[in-house]
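Chemist: return atomic coordinates for the entry below.
(2 chains)
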Amino acid sequence: MENKDALINYCLRVGDSSLVLGQRLAEWCSNGPILEEDIALTNISLDLFGQSRMLYSYIAELKGNGETEDSVAFGRNERAFYNTLLSERPNGHFGDTIVRGLLVDAFNFHFYTKLKESKDSTLAAFAEKSLKEVTYHLRHSSEWIIRLGDGTEESKNKVQKSLNELWGYSDDLFEMNDDDLNLVSEGVAIDLSSIKPLWQETINTVLSRAKLTLPENVFMHKGSRNAVHSEYLGHLLCEMQYLQKAYPDAKW
Amino acid sequence: MSDLDKFLEKIKNNVKIEPKDWMPDGYRKHLQRQMSQHAHSEIIGMQPEGNWITRAPSLRAKVILLAKIQDEAGHGQYLYSAAETLGKSRDEYIHELQTRKAKYSSIFNYPTLTWADMGAVGWLVDGAAIVNQVSLQKTSYGPYSRAMVRICKEESFHQRQGYEIMSQMAFGTAEQKEMAQDALNRFWWPSIMMFGPHDADSARSGDAMKWGIKVESNDELRQRFIDKTVQQAEIIGLTIPDPDLKWNEEKGSYDFGKMDWDEFWQVVKGNGPCNDQRINHHIKAHEEGTWVREAAIAYAKKNN
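Modeler: The predicted structure follows:
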């Protein structure tokens, strides 16, 4: 793989994760537990869509073959999507969504903090902008985890169960392939093993305030770095890409 | 001077009525009904548009639509707060919505079947809402008037965005144009009925005009909407589905055909295609969120 292809693939990893999680959070619209949460969750969704658009535009520019942000988003199938497994997990109940949010937001926070220093100036600028947004996302998910963990007996049980179920997808966030490692050596990409302890510390701090405990001996699912996904992604893409695929000649 | 005289004097002199001012019971009740209905419309209106967020045909369209729906949630929030100044809580208003004591705009009881409906809703439904809301900026109740000023700024964006979708489709492929015309056909009549019954048949209009809650009549507002919308349809080559629509030189506005008030009242009564779906959706989200709201309250109590 050429260096450019490696960079494009790296951008897909980040952009697809934002797009797919944005799509999931958009499903909360009109379904939130209170109006204010409808607004908050769709705010986060909007930020994530914005992030994916920036990266897809960059990919289109790198390819230079007439691709657009939309052809990148709507023109690929599930075996060419590189989003993390967590981002495609179904929303479940509010606690599931918030736990998924915490794991991803804490990752994004540390990831963008490092990516700001990337030698690729587009990625660095992208990270700088995104960091401001994910700082808010992390605050939102942390505050809710604490409220739910330290709220009622019912909420504590529910959110602990969410954590137990979703924890097994957390290692997948840190997966890297050989191309990523090459980009790391060039100072373009981030060595994800370097942010894992920071991420773990953030998670531990929030969970201890929420009076929740990490499950032990959990099997860790992986595969998304090679575009191997759960069955959920195909359905999400079907819905998202339906108009583009049904009317390939139309402009919208 | 009696309280009532002082109140009517203020109305006459265009002095806004504020929450702590004396007001007739009927005035308060009318506003509680109208403002909560307005808030509920913003909230229920999130559903037919939310129906297309995950399927929007471009990332730009998706973001615009989602931001728009989010604006509406914000309007709802703002209107509930304004309505709370009348001495009833948001929870009480929502209870009235869910038990169908309170209404919301009937237009949202129609389904959004194609992407063109996102255009039609923005162009026609928001377009009609703006005409009404611009007029309501002059309403006599201070918090309501101020809410309208703020909301109108955002609504005019929404209307332009809706029109942009319509015009893109109207000038697109044959299939897109067909979708656009079909959306106009389905949404035209319900949109012009959004202004409510003819003045002669509008039971509550008299009081509302006397108290300065309404400053223009249903028929005046409807006419204004039709006059500006017909031209917009012509520009993008779509046909308003009304064979009787005709420019009337003498009165300087369009004549138009008969609205189907039987259908209108059926939908108001709960027999529209989506009445049950909309309310059940609202109740379901509310009930599924009960444990979350309880947790937030419990946490706040422990930590205060």
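
Chemist: next up, the contacts around residue 224.
Modeler: All of this is about chain A. A:Tyr82, A:Asn83, A:Thr84, A:Leu85, A:Asp172, A:Glu175 (C-beta atoms under 8 Å, 6 or more residues apart in numbering or on different chains). Glycine gets a C-beta too; all of them are placed from N, C-alpha and C.

Chemist: the chain in question should be chain B.
Modeler: Here B:Arg224 is in contact with B:Val131 (C-beta under 8 Å, 6+ apart).

Chemist: quick one: whichever helix or strand A:Ile203 is part of near chain B?
Modeler: Element membership for A:Ile203, per DSSP states H and E: helix A:192-209. No: using C-beta under 8 Å from any C-beta of the partner chain, helix A:192-209 stays clear of chain B, with a minimum separation of 10.8 Å.

Chemist: list the contacts of that helix.
Modeler: Contacts for helix A:192-209 (C-beta under 8 Å, 6+ apart): A:102-103, A:106-107, A:109-111, A:113-114, A:138, A:142, A:145-146, A:149-150, A:163, A:173-176, A:180, A:213-214.

Chemist: tally up the residues packed near residue 173, please.
Modeler: Looking at chain A here, since you left the chain open. 24 (other C-beta atoms under 10 Å in any protein chain shown).

Chemist: try chain B instead
Modeler: 13.

Chemist: check contacts around it.
Modeler: By C-beta under 8 Å, 6+ apart, the contact set of B:Thr173 is A:Tyr247, A:Asp249, A:Ala250.

Chemist: where's it relative to B:Val134, distance?
Modeler: 36 Å (C-beta to C-beta, to the nearest Å).

Chemist: B:Arg33 now?
Modeler: 21 Å.

Chemist: pLDDT of stretch B:276-296, averaged?
Modeler: Stretch B:276-296 shows a mean pLDDT of 98.

Chemist: gap between it and the chain center?
Modeler: Chain-centre distance of stretch B:276-296: 22 Å, with C-alpha atoms, centre = their mean, to the nearest Å.

Chemist: restricting to C-alpha, output that stretch in PDB.
Modeler: Only the C-alpha atoms of stretch B:276-296 are listed here, as PDB (Å, rounded to 0.1, in the frame of the first residue of the first chain):
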ATOM      1  CA  ASP B 276     -52.100   7.500  17.300                       C
ATOM      2  CA  GLN B 277     -48.500   6.900  16.100                       C
ATOM      3  CA  ARG B 278     -47.400  10.400  17.200                       C
ATOM      4  CA  ILE B 279     -48.900  10.300  20.600                       C
ATOM      5  CA  ASN B 280     -47.800   6.700  21.300                       C
ATOM      6  CA  HIS B 281     -44.300   7.500  20.200                       C
ATOM      7  CA  HIS B 282     -44.200  10.500  22.600                       C
ATOM      8  CA  ILE B 283     -45.600   8.300  25.500                       C
ATOM      9  CA  LYS B 284     -43.200   5.500  24.700                       C
ATOM     10  CA  ALA B 285     -40.100   7.800  24.800                       C
ATOM     11  CA  HIS B 286     -41.400   9.400  28.000                       C
ATOM     12  CA  GLU B 287     -42.000   6.100  29.700                       C
ATOM     13  CA  GLU B 288     -38.700   4.600  28.600                       C
ATOM     14  CA  GLY B 289     -37.000   7.700  30.100                       C
ATOM     15  CA  THR B 290     -38.700   7.500  33.500                       C
ATOM     16  CA  TRP B 291     -35.800   5.600  35.100                       C
ATOM     17  CA  VAL B 292     -33.400   8.100  33.800                       C
ATOM     18  CA  ARG B 293     -35.300  11.100  35.100                       C
ATOM     19  CA  GLU B 294     -35.700   9.400  38.500                       C
ATOM     20  CA  ALA B 295     -32.000   8.700  38.600                       C
ATOM     21  CA  ALA B 296     -31.200  12.300  37.900                       C
END
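
Chemist: quick one: contacts of that stretch?
Modeler: Contacts of stretch B:276-296 (C-beta under 8 Å, 6+ apart): A:30-34, A:37, A:93-95, A:147-148, A:151-152, A:154-155, A:158, B:43-44, B:47, B:94, B:97-98, B:100, B:104, B:108-109, B:270.

Chemist: run the last query once more with 6 Å
Modeler: The contact list for stretch B:276-296, computed with C-beta atoms under 6 Å, 6 or more residues apart in numbering or on different chains, reads A:Asn31, A:Pro33, A:Phe94, A:Arg147, A:Leu148, A:Gly151, A:Thr152, A:Glu154, A:Ser155, B:Ile44, B:Gln47, B:Gln98.

Chemist: over to stretch A:244-252?
Modeler: A:Phe74, B:Pro57, B:Ser58, B:Ala61, B:Gly172, B:Thr173, B:Gln176.

Chemist: how about the contacts made by the third one?
Modeler: B:Ser58 makes contacts with A:Asp70, A:Trp252, as judged by C-beta under 6 Å, 6+ apart.

Chemist: for it, phi and psi?
Modeler: When quoted as degrees, to the nearest 10, the phi and psi of B:Ser58 stand at phi -150, psi 160.

Chemist: quick one: pLDDT of it?
Modeler: 97.

Chemist: residues contacting A:Glu212?
Modeler: Let me fix one detail, which is that residue A:212 is Leu and not Glu. A:Gly149, A:Gln160, A:Leu163.

Chemist: neighbours of the last one, how many?
Modeler: Which is A:Leu163. 26.

Chemist: what does chain B put close to chain A?
Modeler: Residues of chain B lying close to chain A by C-beta under 6 Å from any C-beta of the partner chain are B:46-47, B:50, B:53-55, B:57-59, B:61, B:63, B:66, B:69-70, B:73, B:77, B:115, B:172-173, B:176, B:285, B:289, B:291-296, B:298-299.

Chemist: average pLDDT for the strand or helix carrying A:Leu131?
Modeler: Assessed by DSSP H and E, A:Leu131 sits inside helix A:121-149. Averaged across helix A:121-149, the pLDDT comes to 98.

Chemist: and it with chain B, contact?
Modeler: Yes: applying C-beta under 6 Å from any C-beta, one finds that helix A:121-149 is in contact with chain B at A:Arg147, A:Leu148.

Chemist: got a list of what the residue in the stretch 51-200 of chain A positioned nearest to chain B touches?
Modeler: Relative to chain B, the nearest point of the stretch 51-200 of chain A is A:Gly151 (2.8 Å; C-beta to the nearest C-beta). Shown in contact with A:Gly151 (C-beta under 6 Å, 6+ apart): B:Ala295, B:Ala298, B:Tyr299.

Chemist: can you tell me the SS state at the spatially closest residue to B:Val215 that is not a sequence neighbour?
Modeler: Leaving aside its chain neighbours, B:Val215 sits nearest to B:Lys138 (4.8 Å; criterion: C-beta to C-beta, 6 or more residues apart in numbering or on different chains). Here B:Lys138 is recorded as coil under DSSP: H, G, I helix; E, B strand; the rest coil.

Chemist: spell out the residue ranges of the helices in chain A.
Modeler: A:3-26, A:35-63, A:69-74, A:85-88, A:94-115, A:121-149, A:153-166, A:178-185, A:192-209, A:232-246 (DSSP state H).

Chemist: please identify the most buried of the ones you listed.
Modeler: Sort these by mean neighbour count, taking mean count of other C-beta atoms under 10 Å in any protein chain shown, and helix A:85-88 sits at the top with a mean of 26.
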